[in-house]
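Enquirer: Any chance you can model this:
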Amino acid sequence: MNTIVSASILGADICHLGEALDKLRTWQIDMVHFDVMDGVFVPNISFGIPMLSAIRRQTKLFLDVHLMITDPLRYVSAFAKAGADRITFHLESSSDPRATLEAIRQTGRQAGIAIKPGTPVEDVIPYLSLADMVLVMTVEPGFGGQSYLPDTTEKVRQLRRDYPKLCIQVDGGINDQTAPIARQAGANELVTGSYLFQAADPFRAAALLRGDDSSLQAG
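Expert: Modelled structure (predicted):
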């Protein structure tokens, strides 16, 4: 599988977000990662539906919406209408996982399911037939700029070994040092925030995440 880079706008300068979104294609970024936090499921509050609608008007890139909220099933339709291309929710939320996956699929959007570092990978297996992607959190969800948790690598490795065609995303502490670890374990989607947006050369930073030697030589 090709490595896909998803830029988390949690790491961008919100005062200049439109400018940052316009630059993502130049940096060869594949997706925009949109973190939704409700201050209950995680101890932070981030973006909501109006912000997603605004971003949808600004960019044609794939919008990868990550719901870190208590009751995702309640909001599936609203986020789909606001422009999400894929909606990912947490297995640990209060919503029924199967019902939530089915609701997402009924909107015509891709469905993703995420697990926290402390959740056994076996817990997500019963729902894989309904999921387009599994997100393995490589930090505790809720804040950007955290360090990659090495113990999460084995979850990625196990999923790739048992489900070779599965789309596996990792999110948290992804940079030029940790991306090769995640890729070698089997992750094919890498979410990056502060590493990308704070880089002196974001194009090169994204190429390093992908391990794309041709892009590095071209740059």
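Enquirer: make it CA atoms for all contacts and neighbour counts henceforth
Expert: Fine.
Enquirer: how many neighbours does Asp176 have?
Expert: By other Cα atoms under 10 Å, 17 other residues sit near Asp176.
Enquirer: who touches it in this structure?
Expert: Ala205, Leu208, Leu209 (Cα atoms under 8 Å, 6 or more residues apart in numbering).
Enquirer: buried set for stretch 10-20?
Expert: Across stretch 10-20, burial judged by 16 or more other Cα atoms under 10 Å covers Leu10, Gly11, Ala12.
Enquirer: Inside strands: which ones of these?
Expert: The strands, defined by DSSP state E, take in nothing from the buried residues of stretch 10-20.
Enquirer: check which helix or strand covers Thr153.
Expert: helix 153-162 (DSSP states H and E).
Enquirer: Run through the neighbouring helices and strands of that helix.
Expert: Using 3 or more Cα pairs under 8 Å, 6 or more residues apart in numbering; DSSP states H and E, the elements in contact with helix 153-162 are strand 168-171, helix 179-185.
Enquirer: buried sites along it?
Expert: Thr153, Lys155, Val156, Arg157, Leu159, Arg160.
Enquirer: Need the nearest residue in space to the last one, chain neighbours excluded.
Expert: Read that as Arg160. Using Cα to Cα, 6 or more residues apart in numbering and skipping residues adjacent in sequence, the residue nearest Arg160 is Gly186, 5.4 Å away.
Enquirer: Which parts of the chain are strands?
Expert: With strands called from DSSP E, the chain shows them at 4-8, 31-37, 62-68, 86-90, 110-115, 133-137, 168-171, 189-192.
Enquirer: could you redo those as JSON lines and give each row distance to Phe143?
Expert: Formatted as JSON lines, those follow (distance: least, Cα to Cα, whole Å):
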{"stretch": "strand 4-8", "distance to Phe143": "12"}
{"stretch": "strand 31-37", "distance to Phe143": "9"}
{"stretch": "strand 62-68", "distance to Phe143": "11"}
{"stretch": "strand 86-90", "distance to Phe143": "15"}
{"stretch": "strand 110-115", "distance to Phe143": "16"}
{"stretch": "strand 133-137", "distance to Phe143": "12"}
{"stretch": "strand 168-171", "distance to Phe143": "11"}
{"stretch": "strand 189-192", "distance to Phe143": "13"}
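Enquirer: Can you report how many residues lie near Pro120?
Expert: Using other Cα under 10 Å, Pro120 has 12 neighbouring residues.
Enquirer: Quick one, grab the pLDDT at it.
Expert: Pro120 is assigned a pLDDT of 96 by the prediction.
Enquirer: Now for it: which residues touch it?
Expert: Listed by Cα under 8 Å, 6+ apart, the contact partners of Pro120 are Lys155.
Enquirer: Could you measure from it over to Val191?
Expert: Separation of Pro120 from Val191 (Cα to Cα, to the nearest Å) stands at 21 Å.
Enquirer: quick one: stretch 170-180 to chain centroid distance?
Expert: 12 Å (Cα atoms, centre = their mean, to the nearest Å).
Enquirer: can you check stretch 106-113 too?
Expert: 14 Å.
Enquirer: Same list, the buried residues of helix 153-162, but as CSV with pLDDT and distance to Asp35 please.
Expert: Formatted as CSV, the buried residues of helix 153-162 follow (pLDDT from 0 to 100; distance: Cα to Cα, whole Å):
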residue, pLDDT, distance to Asp35
Thr153, 97, 22
Lys155, 97, 22
Val156, 98, 21
Arg157, 98, 25
Leu159, 98, 23
Arg160, 98, 25
